[in-house]
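1. Curious how this folds, go ahead:
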Amino acid sequence: MLSEKHFLYVEDDFPSRIVLQKLMKSMGVTQFSMFEDSTDFMDRFKALENWPDIVLLDIHMQPYNGFEVLRMLRDDPDTAQLTVVALTASVMNEEVDLLRTSGFDGVISKPVRMSRFPTIMERVAAGEPVWEVT
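-> Predicted coordinates for the structure are as follows:
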């Protein structure tokens, strides 16, 4: 199932990008794109040869934070229905509530638990809302 999906990870932290890239590769994901920041997000997104099925967003990045990037995606009729999951260290109860009410399809807390991550991503790929906060 994961090998059929295209993922986009938007993250400004270099070590986080490397860890997730290695994890996705180890899980058999072959379609994986990354943006190292949110500069010109929608232009770069629309320029992708194959649009992703699932977008993983860091929340605290520049120049647009994860909430702003989510709003861009939801406001565009072409991308409004994409699965968008926050991948963030900001997982206090009120922050998770804000992620829910803002329209995210789920949240995965950082640091990522490598032993659980493949199962979590299978659930996301199957269309299940995942609110994985540890």
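
2. Look at the closest residue to Val107 other than its chain neighbours and tell me its secondary structure.
-> With CB to CB, 6 or more residues apart in numbering as the measure, Ala86 is the residue that lies nearest to Val107, at 4.4 Å, once sequence neighbours are left out. No exception for glycine: its C-beta is placed from N, CA and C like everyone else's. Remark: Ala86 carries the secondary structure label strand [criterion: DSSP: H, G, I helix; E, B strand; the rest coil].

3. hang on, Ala86 packs against Leu57?
-> Yes. Here Ala86 reaches Leu57: they are 5.6 Å apart, a contact under CB atoms under 8 Å.

4. if I look at these two, which residues touch both of them?
-> In the contact map built from CB atoms under 8 Å, 6 or more residues apart in numbering, the residues linked to both Ala86 and Leu57 are 66, 104.

5. can you count the residues close to the nearest residue to Gly28 once chain neighbours are set aside?
-> The shortest distance from Gly28 to any non-neighbouring residue, by CB to CB, 6+ apart, is to Ser3 (4.9 Å). Burial measure for Ser3: 10 neighbouring residues, criterion other CB atoms under 10 Å.

6. Can we start the residue count at 16 from this point?
-> Got it, the first residue is 16 from now on, which makes the last one we talked about Ser18.

7. residues in contact with Ser18?
-> Residues near Ser18 by CB under 8 Å, 6+ apart: 43-45.
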